[in-house]
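J.: How does the following fold in three dimensions:
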Amino acid sequence: MIELPAPYASPAQPSESPALTWTGRRLYRHGVPHQILSGALHYFRVHPDLWRDRIRRLADLGLNTVDTYIAWNFHQPREDEEPRFDGWRDVERFIRTAGEEGLDVIVRPGPYICAEWSNGGLPSWLTGRDVAVRSSDPAFTGPAGRWFDELVPRLAALQAACGGPIVAVQVENEFGSFGDDHAYLRWNRDALAARGIIELLFTADGPTELMLDGGTLPGTLTAVTLGSKPDAARRLLASRRPDEPFVVAEFWNGWFDHWGERHHVRGVDSAVRTLEGIVADGGSVSLYMAHGGTNFGLWAGANEADGRLQPTVTSYDSDAPVAEDGTLTAKFHAMRKVFGASGPLRVAERPPVLPPARVPLVPRAGLLAGLRAVPAPTSSGPRPASFERLGLDAGMVLHTAHPRVPAGEHRLILADVRDRALVFADGTFLGVADADRPELTVRGTGAVVRLEVVVESLGRVNYGPGVGGHKGLLGPVLIDRRMVQGWDSTPIALQEWTDADLTRATAPAPAPALNPDPASGSAPGGFAVATLHVETPADTFLALPGSGRGLVWVNGFLLGRHWDIGPQVTLYCPAPLLRTGENTVTVLELERSGDILELRDHPELGPAEEYVEEFA
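T.: Predicted coordinates for the structure are as follows:
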């Protein structure tokens, strides 16, 4: 049984030595042999009113530490605004809460974090420039340094040396999977130290020679990230760093999901066997994830494979020991035994849920009318403006042009769509264009046509060389061989919409039935609203049977994306988003609208497949 650290006390004057040290392949906390038994829990994926509950669930699991990334773009989505550290962004409150619950804290401030989070946590206002991200390029380290000026002193004041709970800070994040600019890694380490970090610094990389060569630094503890084969990783580290303790900064006891794929799970027996191999002989571990939470809003990232985008789903349940809604799973109880925890649980096995219900979904406005009803500045130019040119991080752009189209059928080509475009001519839906289907058919009469293209980002790439890629209609639009020029581009910042914006979007009358080309499929659905009466707020799971793809707001809060290609079927709605009495759910449907909103009493994350990530 690992003894928990003393509860967090008020900050004091900094001491001279860090809480965690190592020698002879052993880790010590204030001179006492120690194992880090940690779990990842991201404050930005959990409603702030639930932070303490979820932290207690990790403590009940038998952990002595919680670790969190810090997402730069979550705190500073716009360059011309100061980073925010209030409300949901009050990471200091999150850290203090963990300390009050008797847990140490590990912080992973990036500035790149991956985390299946949009753009790997980097602001799109930075990556939209001609800058070498994650490098010693001053165009990158300059803004990153200014971000650290705001962030790191806040963390330094919460270190164990100052009476706080922070005992370790990560240098960058799995850099060896990306590059080998050691000058940048040294800059990152020195930037933390220069701003007051004296606690243990460490790097974390996959357990291969290639990744460790690129991502480690002399004199800085080397940790690894893995899903299996801990013995092989232990041997590799011992051969390279014979004096250092074995620390697994991420043990992938589950995995995340992409839209259009299956729901990834990790069997309890498989996860427990690997965990036992990690903690044997004093090894330290952090469960990734211990509690995954939710990619609320449009913060879900994406991957790329063979040039194809793989957008991440709204749920970040990750088959973790503590499920997305806080439920304690079979994996929780099995791992609790490994950690040697005993005694009664302080938390309920499952938080309360609303009873199942079916609520009418009432049409309110057509897609184009609803989008046009929300005012936004328009940019004009010969070509469609990218998201980056418009200062738009996520959401949609409405592009409008007025080409003359000769009589008859013509090829309409949208080159380099990032990621999905709905195309209309004089209000008639022509179809969907994307990277795989860039060509549609437009019929002309010899007159000018009002051509409208709604381009949607499905998530910014969070891992690999595609991080920082631009979004929007990046290539030319052609009618046969002739380029369409003269575009008005209007940003639709859905993630920033207020209650007033939603009211405007749902105010226009429902659109008449569109007459799409039969080959293009169903026409988009537009906006709809459901009204829920709640006696006592509790968790619920929202489903939209009959609907295709779109976004869902609850009382003005953008819950996330739904898509009938799955695997995710239900959207988790935590109790703090609801209120006693009337509640409004707004749906922006982009494919086809159903007529019912279902409240379910359990999640449905789709057909499962066993998944274990292994390095070659």
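J.: Which residues are in contact with residue 526?
T.: By C-beta atoms under 8 Å, 6 or more residues apart in numbering, the contact list for residue 526 reads 363, 364, 365, 366, 367, 369, 370, 510, 511, 588, 589, 593. (Glycine included, C-beta is placed from N, CA and C.)
J.: now the strands: where do they sit in the stretch 301-450 of the chain?
T.: Taking DSSP state E, counting those that start in this stretch as the criterion, the stretch 301-450 of the chain contains strands spanning 302-305, 308-311, 357-360, 362-365, 379-381, 396-401, 408-414, 417-418, 420-425, 428-434, 439-444.
J.: Nearest to residue 154, out of these?
T.: strand 302-305 (29.9 Å; C-beta to C-beta).
J.: Tell me how far the closest one lies from the chain's centre.
T.: Counting by C-alpha atoms, centre = their mean, to the nearest Å, strand 302-305 is centred 13 Å from the centre of its parent chain.
J.: buried stuff in it?
T.: Neighbour-count burial for strand 302-305 flags 302, 303, 304 (criterion: 16 or more other C-beta atoms under 10 Å).
J.: repeat for stretch 355-371
T.: Those would be 359, 361, 363, 364, 365, 366, 367, 368, 369, 370, 371, for stretch 355-371 by 16+ other C-beta under 10 Å.
J.: what's the closest of those to residue 129?
T.: residue 371 (28.1 Å).
J.: quick one on the thing from earlier: adding pLDDT and distance to residue 271, write the buried residues of strand 302-305 out as JSON lines.
T.: Formatted as JSON lines, those follow (pLDDT from 0 to 100; distance: C-beta to C-beta, whole Å):
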{"residue": "302", "pLDDT": "98", "distance to residue 271": "26"}
{"residue": "303", "pLDDT": "98", "distance to residue 271": "22"}
{"residue": "304", "pLDDT": "96", "distance to residue 271": "28"}
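J.: Just name the closest of those to residue 85, please.
T.: residue 302 (27.2 Å).
J.: Distance check, that closest one against residue 74.
T.: Going from residue 302 to residue 74 by C-beta to C-beta, to the nearest Å gives 17 Å.
J.: can you list the strands of the stretch 301-450 of the chain in a markdown table and add distance to residue 234?
T.: Output for the strands of the stretch 301-450 of the chain, formatted as a markdown table (distance: least, C-beta to C-beta, whole Å):
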| stretch | distance to residue 234 |
| --- | --- |
| strand 302-305 | 29 |
| strand 308-311 | 32 |
| strand 357-360 | 52 |
| strand 362-365 | 59 |
| strand 379-381 | 55 |
| strand 396-401 | 48 |
| strand 408-414 | 51 |
| strand 417-418 | 42 |
| strand 420-425 | 45 |
| strand 428-434 | 45 |
| strand 439-444 | 53 |
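J.: To residue 161, which of those strands lies closest?
T.: Minimum separation from residue 161 across these (C-beta to C-beta) falls at strand 302-305, 38.3 Å.
J.: who does the closest one touch, helix- and strand-wise?
T.: strand 308-311 (3 or more C-beta pairs under 8 Å, 6 or more residues apart in numbering; DSSP states H and E).
J.: Name the residues of the strand it packs on that come out as buried.
T.: Neighbour counts over strand 308-311 (16+ other C-beta under 10 Å) mark 309, 310, 311 as buried.
J.: what separates the last one from residue 300, distance-wise?
T.: Counting by C-beta to C-beta, the separation of residue 311 from residue 300 is 7 Å.
J.: coming back round to it: just the buried residues of strand 308-311 now: which is nearest residue 487?
T.: Taking C-beta to C-beta as the measure, residue 487 sits nearest to residue 309 out of those, at 23.5 Å.
J.: What are the neighbouring residues in contact with that closest one?
T.: 302, 303, 418, 419, 435, 458, 459, 461.
J.: Endpoints of stretch 450-461, how far apart?
T.: Stretch 450-461 has an end-to-end distance of 33 Å (C-alpha to C-alpha, to the nearest Å).
J.: wait, isn't residue 145 in contact with residue 191?
T.: Yes. Between residue 145 and residue 191 there is a contact at 6.0 Å, judged by C-beta atoms under 8 Å.
J.: hang on, the earlier thing: among the buried residues of stretch 355-371, which two are most distant?
T.: Of all pairs drawn from those, the greatest distance, 26.1 Å, lies between 359 and 368 (C-beta to C-beta).
J.: about what we covered before: higher neighbour count, residue 145 and residue 191?
T.: residue 191 (20 against 17; other C-beta atoms under 10 Å).
J.: measure the more buried one to residue 184 for me?
T.: Plainly put, residue 191 is 10 Å away from residue 184 if you go by C-beta to C-beta.
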